[in-house]
Structure formats: structure tokens, C-alpha cells
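[1] fold the following, please.
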Amino acid sequence: MSTPTGFKQRLESELSAMATDPAPLRATRAPARRLRVRFAVTAVAAAAATAVVVPTLSGSGASPAYAVTKQGDGSLVLRLDRAEGLPGLQKQLKEMGVRAAVLEGDKKCPTGAPPESPWATEDYAMTFPAQPWKAVIHPDMIPDAAVLPDGRRVGAATLLVVAEFGKDHSTQAVSFRLVEKVPTCSVPGIGGGPDAHM
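    Sure thing, here's the model as predicted:
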């Protein structure tokens, strides 16, 4: 039995629209509670949060590859479950006005790790609380251009987040550093706080 062409086209259009349009908040939050997410960046208790959730689905449609939730205090909850979420996560952070760059760690990166940060807020821009697999991003701790106490002038900082993935492309560890210039690659485990190992 053949399927009418018009029906196929309508179905394809509707499925495509569902994949690209953000789902209502209620629809995105319920599945997130049931999923085992390997890496999360969180700011405050969920009860105090005012959430804006922006998930992206993998090609398989199984579970979100990443999600971003903005808290009432301006901090962000990030979820990065798989390597395929990196481009979407980077785009979402940029759209939210956060100076951050997200890279996959590359052990063969010829330049190694980016230079150490001169900023005093390094350890506060992104922190890892006691809860397993969680961390906090504070965009207000990513400094603008400044003159340091020793008289050096530094440009605006960017939070560089370097993620490591396993053979199954799931997130294994995350490290970060404030940088003045975003590198094209970085070795994993760049410091700036403990790695969030899976």
C-alpha cells in the first residue's frame, strides 16, 4: 500500500517543525528529571530558579545532547551529555550574551593549553559544588577589560570550557580557564578548578 505524497510532505514538515521549535517549559522539564545526565552546570537550588530551558535533540531524537537553563540570579545550568551538543551549546551561550567558548579537548593540540589566566575571578567564573557532576557558571565573574593591581592591562576574558568525551561520545570530564584569546584547540584538563569526571 502506498502513502499519498501530500501526507508524507505534511508529516515531514510537522516533524521538522517539532524538532526545531522550542517545546513548552512543562514538556522539557519533565523528561529532564527522568534522564541520567552525565554533566550538569547548576547555580542554585531548583526551587529558587526561574528557568529558560533550551534543549537540542540528537540526530537519533533519543535525549537532549545539551540544555541551558538561566537561573534568577543570572547563573546558568548547562547540560552537556554528548559531543554532538557542543555546537548548539556554543551557539546558545553566545545568544544569551555569555562570553564563553566550548571546545572538545584534543590531546594532540600543537599549542597545548592556553596561557594561565591573570584574573582574580578565575576560580569563581565556574565552580563545582559538592553534588556529583554539577558545576556553576557565573557570567558576572567573567571580567571585562581591566588594569590589574600590578599595572598590567588585560582585555575582556572569555570562559574557555574544554570537554572530554569517551568512545561512546558521552561527556567524561570538563575543565575550564579564563582566557584573553580563544584558541583553536586545547589539550584536555586545563585546570581552573577540579575536572568534573564521570
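[2] doesn't residue 78 lie inside a strand?
    Yes - assessed with DSSP: H, G, I helix; E, B strand; the rest coil, residue 78 lies in a strand.
[3] where are the low-confidence patches of this protein?
    1-62, 129-135, 192-198 (pLDDT under 70).
[4] all strands of it, in order?
    Along the chain, the stretches classed as strands by DSSP state E are 40-41, 56-57, 64-70, 76-80, 100-104, 126-127, 134-137, 146-147, 153-154, 158-165, 171-179.
[5] who's in contact with the fifth one?
    Read it as strand 100-104. 80, 83, 86, 89-90, 93-94, 137, 139, 142, 158-165, 179, 182-183, 185-186 (Cβ atoms under 8 Å, 6 or more residues apart in numbering). Bear in mind the C-beta positions are built from the backbone N, C-alpha and C, glycine included.
[6] partner strands of it, with direction?
    Strand pairing for strand 100-104, using DSSP bridges, gives strand 158-165 (parallel).
[7] pull the CA atoms of the partner strand into CSV?
    Only the C-alpha atoms of strand 158-165 are listed here, as CSV (Å, rounded to 0.1, in the frame of the first residue of the first chain):
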residue,chain,number,x,y,z
THR,A,158,36.3,34.6,27.8
LEU,A,159,35.4,31.4,29.8
LEU,A,160,37.0,28.6,27.9
VAL,A,161,35.3,25.2,28.7
VAL,A,162,37.1,22.1,27.5
ALA,A,163,35.1,18.9,27.5
GLU,A,164,36.4,15.4,27.2
PHE,A,165,34.3,12.6,25.7
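[8] list the buried residues for that strand?
    Neighbour counts over strand 158-165 (16 or more other Cβ atoms under 10 Å) mark 158, 159, 160, 161, 162, 163, 164, 165 as buried.
[9] which ones are touching the last one?
    By that I understand residue 165. 82, 83, 104, 171, 172.
[10] can I get the residues you listed in CSV with distance to residue 120?
    As requested, the contacts of residue 165 are exported to CSV (distance: Cβ to Cβ, whole Å):
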residue, distance to residue 120
82, 34
83, 33
104, 28
171, 29
172, 30
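[11] counting neighbours, which of those comes out on top?
    residue 171 (26 neighbours; other Cβ atoms under 10 Å).
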